[in-house]
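[1] missing the sequence, but the structure's below:
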């Protein structure tokens, strides 16, 4: 499977996972001149900007570690631009979904880290 296809698969898997947790998908792959946000979802209280990280395993580092401070700042800037175009009364938060798929698409493990940048 190509890298772009794997990334899309991971994002779709994360969206499905979040729907089961009663989140509503608002946007997938939101792009602007500042960057990209993999998923934007909401529940009754929060509008959540989600970064999805897909890895075969955590032997080298956990997926969250690949969302460094520079990436976090880019995500925050992109989210601010999104909010200028889509006003909301909801609280906003940044989550990370880690997906570990050592056997490809067979039995992936998903970890949802809420408010991951705090």
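    Great, that's in hand. Keep in mind that this is a model prediction, so the values were computed, not measured.
[2] in the chain, which spans are strands?
    24-32, 35-42, 46-55, 91-100, 109-113 (DSSP state E).
[3] quick one: the shortest one to chain centroid distance?
    What it means is strand 109-113. 11 Å (Cα atoms, centre = their mean, to the nearest Å).
[4] what is the rounded mean pLDDT of it?
    In this model, strand 109-113 has an average pLDDT of 93.
[5] Now it: buried residues?
    110, 113 (16 or more other Cβ atoms under 10 Å). C-beta: built from backbone N, CA, C; applies to glycine.
[6] Give the other helices and strands that it contacts.
    Other elements packing on strand 109-113 under the criterion 3 or more Cβ pairs under 8 Å, 6 or more residues apart in numbering; DSSP states H and E are helix 3-20, strand 91-100.
[7] Point out where the chain drops to low pLDDT.
    1-4, 56-66, 103-105 (pLDDT under 70).
[8] now with 80?
    1-6, 55-67, 102-106, 118 (pLDDT under 80).
[9] Turn the helices and strands packed on strand 109-113 into JSON lines, including mean neighbour count and distance to residue 109.
    JSON lines is the format used below for the helices and strands packed on strand 109-113 (neighbours: other Cβ atoms under 10 Å; distance: least, Cβ to Cβ, whole Å):
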{"stretch": "helix 3-20", "mean neighbour count": "15", "distance to residue 109": "11"}
{"stretch": "strand 91-100", "mean neighbour count": "19", "distance to residue 109": "5"}
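[10] Mind putting these into TSV with distance to residue 42?
    Formatted as TSV, the helices and strands packed on strand 109-113 follow (distance: least, Cβ to Cβ, whole Å):
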stretch	distance to residue 42
helix 3-20	10
strand 91-100	10
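[11] for those, which one sits closest to residue 44?
    Closest to residue 44 of the helices and strands packed on strand 109-113, according to Cβ to Cβ: strand 91-100, at 10.6 Å.
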